[in-house]
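[1] kindly return the folded structure for what I paste below:
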Amino acid sequence: MPQIKSWEVSDEFWAKVEPLIPVRERSAKRKYQRRAGGGRKPLRARRVFSAIVYVLRTGCQWKALPKEFGSTSAIHQHFQRWQRVGFFVALWRSGLAEYDEMEGIAWD
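    Here you go, the predicted structure:
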């Protein structure tokens with residue numbers, strides 16, 4: 001079995017994280033100028049999450065992310081948006097609830 005590096009997101013972990021990822025919705029009131037299919041393809045949520053985990057685990061700066069993750073500014077924007085909508089709090093709560101089921105937490 002190959003060893004997973006501390007910043008790599010396993011399939012098992014991703015299965016728990018994916019349902020919590022906020023979906024970005026387009027505003028019905030806004031008129032979009034770009035033609036359908038124009039511009040860059042959006043980054044996949046798993047790649048963005050993996051890049052965020054990489055930054056948090058290694059302590060590197062956003063601009064020092066390896067190119068394999070994609071645009072550092074786009075990943076940082078995702079991080080900021082996900083933080084604003086409460087994704088990381090939801091992830092923490094989910095992990096805490098799972099740990100409580102497995103080991104039990106002495107809340108007193």
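[2] for L20, which non-adjacent residue is spatially closest?
    The spatially closest residue to L20, leaving aside those adjacent along the chain, is A90, at 5.0 Å (Cβ to Cβ, 6 or more residues apart in numbering). Bear in mind the C-beta positions are built from the backbone N, C-alpha and C, glycine included.
[3] how much space between the one you found and E103?
    Distance, A90 to E103, using Cβ to Cβ, to the nearest Å: 21 Å.
[4] more neighbours: these two, which one.
    The neighbour comparison of A90 against E103 (other Cβ atoms under 10 Å) goes to A90, with 16 against 8.
[5] quick one: the helices in this structure?
    11-17, 45-58, 72-84, 87-102 (DSSP state H).
[6] V23 is nearest to which of the ones you listed?
    helix 45-58 (9.0 Å; Cβ to Cβ).
[7] helix or strand with the lowest mean pLDDT in this structure?
    helix 87-102 (a mean of 86; mean pLDDT, DSSP states H and E).
[8] by contact count, what packs against it?
    Judged by 3 or more Cβ pairs under 8 Å, 6 or more residues apart in numbering; DSSP states H and E, helix 87-102 is in contact with helix 11-17.
[9] rerun that using 6 Å as the cut-off
    The criterion is 3 or more Cβ pairs under 6 Å, 6 or more residues apart in numbering; DSSP states H and E, and there are no helices or strands that helix 87-102 contacts.
[10] which of the residues in it are buried?
    Of all the residues in helix 87-102, those buried under the rule 16 or more other Cβ atoms under 10 Å are 87, 90-91.
[11] hmm, who's touching that helix?
    Among residues not part of helix 87-102, those counted as contacts by Cβ atoms under 6 Å, 6 or more residues apart in numbering are 20, 22.
[12] spatially central residue for this protein, please.
    Centroid-nearest residue in the chain: F49, 2.8 Å away (criterion: Cα atoms, centre = their mean).
[13] how much space between it and I105?
    On the measure of Cβ to Cβ, F49 and I105 end up 25 Å apart.
[14] what does S50 give?
    With Cβ to Cβ as the criterion, S50 and I105 are 28 Å apart.
[15] so which of those two has more stuff around it?
    Counted by other Cβ under 10 Å, S50 and I105 do not tie: S50 has more neighbours, with 17 against 11.
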